[in-house]
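Enquirer: Okay, here's the prediction I keep looking at, along with the sequence it came from:
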Amino acid sequence: MIAEGEMGYKFTSLIPVKFTLVSLPLPSMKVPAIHDPALKNGRLAGRVAWISGATSGIGEAVAELFAREGASVALAGRRGELGEAIAGRIGDAGGSALALKCDVSREADVEKAIRATAEKFGRLDILINNAGMVEVRDLHEYSEAQWDRVMAVNVKSMFFAFKHAFPFLRDARRSHVVNVGSISSFVGQARTPVYTTSKHAILGLTRSIALDYAVHGVRCNSVCPGITDTPMLWEHLNVRPDPQGALDERLRRVPMGVPLTPLDVAKSILFLSCEDSAGVTGTSLTIDCGYLTAAEWTSDQPTAFQETGGKIP
């Protein structure tokens, strides 16, 4: 006969066997904050990461999480004062960080920032292409300059970063590139045609890098977040008469009923930036609280993921 034990394992026996299932209380779970020592597992010890768009939102969360995991981090972004503040906070917590003022749409800025990172830390192992922007308007309302600006920040910057980081990534022998896409890498999004175009392009670029550079020990993947509570989200929502109402309406189409936090996305980027994801390259990881699981779906009842939700049946 086949019997199932307490841990769910199946045992095969030639004689009747009786198991007693014992219910044990589950330990209380606490979600760690980004500075919680419990997060420090050293998965990136001795590694160096260059992160674009690192002065807010997802990039800021990645920088702090990577530093907690033992990496030295370079924070590239246009807002130098914010970068210095984040780097100082990382340093105060015992980490190592370098703030770099950088317009990622300018190749000279990117090259300078990457060289400064390698000179400061002696190597470069991880490239996180996170910088992005959005323009909210219909396609016929764009000027050529507006189109070019979004494409330069969201896609061309990744070309610049990889081009100048590659010699160092090759020297590292085992290196990682993570490009930040979006659920708009797969579907359309109202009144953001250039943003959506750029995010679709990121998937093709990711696969091309993975294919052409695996021989050099480079693994390249993308993450595609859904609704994430970042300044960019509110830039998109604030063009509406009722931004909070617009967010609430969108979240009713999300099975989990909540927006992602930057740390939620940073954890997936960490996974793709270390050997926890060994063998994974050329793929995209969707992090969207279930948003893309259905074409037409709405919910009027709260979920267990919502802190202020009502009674769950």
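Expert: Arrived safely.

Enquirer: could you point out where the stretch 201-313 of the chain is predicted with low confidence?
Expert: Confidence mapping of the stretch 201-313 of the chain against pLDDT under 70 gives the ranges 308-313.

Enquirer: which residues in it form helices?
Expert: For the stretch 201-313 of the chain, the helices defined by DSSP state H, counting those that start in this stretch cover 231-237, 243-251, 262-271.

Enquirer: taking the ones you listed together, which one is wrapped up most tightly?
Expert: helix 262-271 (a mean of 22; mean count of other Cβ atoms under 10 Å). For glycine as for every other residue, the C-beta is placed from the backbone atoms N, C-alpha and C.

Enquirer: hmm, who's touching that one?
Expert: 34, 43-44, 57-58, 60-62, 64-66, 69, 128, 178, 180, 223, 225, 228-230, 276-277, 285, 287 (Cβ atoms under 8 Å, 6 or more residues apart in numbering).

Enquirer: Now go through the residues you listed and say which are in strands.
Expert: Per DSSP state E, strands hold the following members of those: 128, 178, 180, 223, 225, 285, 287.

Enquirer: for Gln189, what are its contacts?
Expert: 183, 195-196.

Enquirer: most neighbours, which of those residues?
Expert: Tyr195 (22 neighbours; other Cβ atoms under 10 Å).

Enquirer: Check that one and give its pLDDT.
Expert: With respect to pLDDT, Tyr195 scores 97.

Enquirer: wait, it sits on Tyr142?
Expert: No - with contact defined as Cβ atoms under 8 Å, Tyr195 does not reach Tyr142; the gap is 10.9 Å.

Enquirer: Would you map the strands across this structure?
Expert: Going by DSSP E, the chain shows strands at 2-4, 10-12, 48-52, 72-77, 96-101, 126-129, 175-180, 218-225, 284-287.

Enquirer: So, low pLDDT: which residues of the stretch 1-150 of the chain?
Expert: Confidence mapping of the stretch 1-150 of the chain against pLDDT under 70 gives the ranges 1-41.

Enquirer: swap the cut-off to 50 and go again
Expert: By pLDDT under 50, the low-scoring segments of the stretch 1-150 of the chain are 1-38.

Enquirer: before we move on, back to that, need the strands of the chain in JSON lines with mean neighbour count and distance to Ala190, can you?
Expert: Shown next, in JSON lines, are the strands of the chain (neighbours: other Cβ atoms under 10 Å; distance: least, Cβ to Cβ, whole Å):
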{"stretch": "strand 2-4", "mean neighbour count": "11", "distance to Ala190": "50"}
{"stretch": "strand 10-12", "mean neighbour count": "9", "distance to Ala190": "50"}
{"stretch": "strand 48-52", "mean neighbour count": "28", "distance to Ala190": "27"}
{"stretch": "strand 72-77", "mean neighbour count": "29", "distance to Ala190": "28"}
{"stretch": "strand 96-101", "mean neighbour count": "22", "distance to Ala190": "34"}
{"stretch": "strand 126-129", "mean neighbour count": "29", "distance to Ala190": "25"}
{"stretch": "strand 175-180", "mean neighbour count": "26", "distance to Ala190": "21"}
{"stretch": "strand 218-225", "mean neighbour count": "25", "distance to Ala190": "18"}
{"stretch": "strand 284-287", "mean neighbour count": "18", "distance to Ala190": "20"}
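
Enquirer: got a markdown table for those, with distance to Val110 too?
Expert: Compiled in a markdown table, those are given as follows (distance: least, Cβ to Cβ, whole Å):
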| stretch | distance to Val110 |
| --- | --- |
| strand 2-4 | 57 |
| strand 10-12 | 55 |
| strand 48-52 | 8 |
| strand 72-77 | 8 |
| strand 96-101 | 10 |
| strand 126-129 | 10 |
| strand 175-180 | 14 |
| strand 218-225 | 17 |
| strand 284-287 | 23 |
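
Enquirer: how about those, which one is nearest Pro259?
Expert: strand 218-225 (9.8 Å; Cβ to Cβ).

Enquirer: what about the closest residue to Ala214 other than its chain neighbours, how many neighbours?
Expert: Leaving aside its sequence neighbours, Ala214 sits nearest to Thr281 (Cβ to Cβ, 6 or more residues apart in numbering; 6.2 Å). By the measure other Cβ under 10 Å, the count of residues near Thr281 is 20.

Enquirer: Look up how far Thr197 lies from Thr281.
Expert: Distance, Thr281 to Thr197, using Cβ to Cβ, to the nearest Å: 24 Å.

Enquirer: Same check on Ala71?
Expert: Distance of Ala71 to Thr197, computed by Cβ to Cβ: 32 Å.

Enquirer: okay, which residue is most central for the protein?
Expert: Val265 (3.9 Å; Cα atoms, centre = their mean).

Enquirer: Comparing Ala71 and Thr197, which shows the higher neighbour count?
Expert: Ala71 (29 against 17).

Enquirer: Next, the more buried one: phi, psi?
Expert: The phi and psi torsions at Ala71 (degrees, to the nearest 10) take the values phi -80, psi 150.
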